[in-house]
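Visitor: Following is a predicted model, sequence given first.
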Amino acid sequence: MKPQSTVFVALDYANAEQAWPLIDQLDPSQCGLKVGKELFTSAGPEFVRELVRRDFKVFLDLKFHDIPNTVAKAVTAAAELGVWMVNVHASGGRRMLEAARAALNDYQQPPLLIAVTVLTSMDASDLAEVGIQRSLTEHVQHLAKLSQQAGLDGVVCSAQEAAMIQDTCGKDFVLVTPGIRPQGAEQGDQRRVMTPEQAAKQGIQVLVIGRPITQAEDPAAALAAIQASLTA
Ligand SMILES: O=c1ccn([C@@H]2O[C@H](COP(=O)(O)O)[C@@H](O)[C@H]2O)c(=O)[nH]1
């Protein structure tokens, strides 16, 4: 049985040469690929185009956060690359979110437009330190609602907040959850984590998993084991 959740492998490698050996072992019908700031800065748009040419669903995780005009132009550039999903920071505000949405209006098949709520590396004390007074859960909920009102397709959040956002925004609102850690895996800098099995049971559409796969001795086998655990 194919799980409802799709695993996106976070290709957090220093350069394309380091990323290809894993990519060459992956089947685009079984997983997506996430290209973030490190690899995009090093390998550039041509690397992303090549992944798209190879039929991978690509999540361009550049988390745009800037003035509305600049973000609108950046998501347009992402759409031109043919990526499946692109993201912005919800804390850029309503006008920025609406500008990003409007920029994709003319595309027949626009990428999914997703907003980051609160980074999964942050906990309540981190949020308080940057001056947010409400609780972390309330802040995630507030930013998810704002993103939905602005017409976005979904949000990045922790799997710990999935049920709350599904109640608030409905089950069609796409949830993208990093901070996924198989039982016993190192948490690293992540603070709000959940296992892949628990996350998949909640009907989360996209599970983003990086180091538990990319730093495994056999990354393709680590991915296969995670995939198998989702249908078990
Ligand atoms: O809130 C967020 C938003 C994005 N990320 C990204 O996801 C991966 C997670 O990698 P792991 O190695 O599995 O921790 C990484 O590329 C982050 O930039 C996130 O973790 N949290």
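Guide: Yes, it's here. Numbering: from 1, shown residues only.

Visitor: need the residues of this structure near the ligand, please.
Guide: Neighbours of the ligand within the chain, by C-beta under 6 Å from any ligand atom: 10, 12, 36, 61, 116, 119-121, 156, 178-179, 188, 190, 208-211. Where C-beta positions appear, they are placed from N, C-alpha and C, glycine not excepted.

Visitor: what about 5 Å?
Guide: By C-beta under 5 Å from any ligand atom, the residues of the chain that approach the ligand are Ala10, Asp12, Gly36, Leu119, Thr120, Val156, Pro178, Val208, Gly210, Arg211.

Visitor: What is the most widely separated pair among those residues?
Guide: Val156 and Arg211 (17.2 Å; C-beta to C-beta).

Visitor: Between these two, point out the one with more neighbours.
Guide: Val156 (31 against 17; other C-beta atoms under 10 Å).

Visitor: and that one, what pLDDT?
Guide: Note on Val156: pLDDT of 99.

Visitor: you'd agree it is up against Gly179?
Guide: No: at 9.8 Å, Val156 does not count as touching Gly179 under the criterion of C-beta atoms under 8 Å.

Visitor: longest strand anywhere in this structure?
Guide: When the chain is parsed with DSSP state E, its longest strand is strand 58-64.

Visitor: name the helices or strands packed onto it?
Guide: For strand 58-64, the elements it packs on are strand 32-35, helix 37-53, helix 68-81, strand 85-89, strand 206-209, judged by 3 or more C-beta pairs under 8 Å, 6 or more residues apart in numbering; DSSP states H and E.

Visitor: Can you add distance to Gln160 and mean neighbour count and give these back as a markdown table?
Guide: What follows is these, written out as a markdown table (distance: least, C-beta to C-beta, whole Å; neighbours: other C-beta atoms under 10 Å):
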| stretch | distance to Gln160 | mean neighbour count |
| --- | --- | --- |
| strand 32-35 | 20 | 24 |
| helix 37-53 | 24 | 16 |
| helix 68-81 | 28 | 18 |
| strand 85-89 | 19 | 25 |
| strand 206-209 | 13 | 24 |
